[in-house]
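*Asks:* Fold the following for me, if possible:
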Amino acid sequence: MVQIDLASLRQTRWYEFALRFLFGGLITAATGIIAKQFGPGVGGLFLAFPAIFPAGATLLEKHVSEKRQLAGLNGGKRGRGAASLDAAGAATGSAGLAAFAVLVWQLMPGHRAWVVLIGAAVTWFAVAIAAWQIRRLRHRFNH
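*Replies:* Just a heads-up that it's a prediction; the model follows:
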């Protein structure tokens with residue numbers, strides 16, 4: 001079930017936000033250096049690297065494990081499961097990112113940038129939601 005849990009913001013320590021910010025910034029800077037050195041075609045390959053996902057997944061695993069341990073339960077398996085579900089969501093969103101990238105790649109040269117970017121963003125959203133719904137239906141029928 002997809003839901004928003006604002007209470008988790010209070011559970012996150014300041015240094016965990018800093019870690020995500022730092023990791024994302026380092027990946028972004030590395031991508032810029034690669035693009036400058038080898039050109040935008042090669043640099044573009046690295047734009048899809050999940051800049052904050054690795055830090056987010058490890059922090060999610062830690063938080064879920066700690067929460068279960070505080071309840072007197074073994075939280076390791078549950079924490080890894082939560083990180084795994086987060087990865088499934090990232091993979092689903094990547095399908096939308098691929099659609100976004102293909103549209104920009106194909107349409108940008110002949111059209112206004114803002115029109116292409118808005119259309120590609122709408123397409124990303126639609127593809128990501130559709131992929132999530134398909135995954136959800138497959139999960140429902142397989143269990």
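*Asks:* The residue lying farthest from the centre of the chain and residue 64, how far apart?
*Replies:* Within the chain, the residue lying farthest from the chain centre (Cα atoms, centre = their mean) is residue 72, at 31.1 Å. Separation of residue 72 from residue 64 (Cβ to Cβ, to the nearest Å): 15 Å. For glycine as for every other residue, the C-beta is placed from the backbone atoms N, C-alpha and C.
*Asks:* cool, and residue 95?
*Replies:* Residue 95 is 25 Å from residue 64, by Cβ to Cβ.
*Asks:* contacting residues around the nearest residue to residue 95 once chain neighbours are set aside?
*Replies:* In space, residue 95 comes closest to residue 131 once its chain neighbours are excluded; the distance is 4.4 Å by Cβ to Cβ, 6 or more residues apart in numbering. Contacts for residue 131 (Cβ atoms under 8 Å, 6 or more residues apart in numbering) come out as 92, 95-96.
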